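Novice: Following is a predicted model, sequence given first.
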Amino acid sequence: MTVLPYLVAVWIFLTGCYGLATSRNLIHAVGCLAVCQASTYVLLLAVGYRDGGTAPVYSDIKPGSRPVVDPVVQALTLTDIVVGATVTALLLALVMQISKRHGTVDPDELRELRG
């Protein structure tokens, strides 16, 4: 077992978090949040990976004779991609509304939103 996919997932997540923390633009912040979520795709696929694994189709082989990859993890990854696209679209729509109402996408210039 190699730790490289896990390190890649952590690196992608930290890169997105750094961009999110230093962002001066709401659109950039939404993009960085999408990068953070992309790290979960890598993490899920790393968890479900099996060295030498094949698709879990048992029509031509005897069950247990070869290692197979877990299809549940692949389904969760696809679900994660769909949820990520939906959240990103919703956040971008909110940023567009903020831009229309306040005339800026800079978080520091949004004085009316402060409590």
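Specialist: Sure thing, it's come through. Numbering: from 1, shown residues only.
Novice: Please count neighbours and contacts with C-alpha atoms only from this point.
Specialist: Will do.
Novice: how near is Phe13 to Thr40?
Specialist: Separation of Phe13 from Thr40 (C-alpha to C-alpha, to the nearest Å): 8 Å.
Novice: meant to ask about His102
Specialist: Separation of His102 from Thr40 (C-alpha to C-alpha): 33 Å.
Novice: now do Ala55
Specialist: Here Ala55 is placed at a distance of 22 Å from Thr40 (C-alpha to C-alpha).
Novice: Check Thr88 too.
Specialist: From Thr88 across to Thr40, the span is 15 Å (C-alpha to C-alpha).
Novice: before we move on, what about Gly84?
Specialist: For Gly84, the distance to Thr40 equals 10 Å [C-alpha to C-alpha].
Novice: and what of Ala93?
Specialist: Distance of Ala93 to Thr40, given as C-alpha to C-alpha: 23 Å.
Novice: for Pro107, same thing?
Specialist: From Pro107 to Thr40 the distance is 27 Å (C-alpha to C-alpha).
Novice: Counting neighbours, go ahead and name the busier of the two.
Specialist: The neighbour comparison of Pro107 against Thr40 (other C-alpha atoms under 10 Å) goes to Thr40, with 19 against 13.
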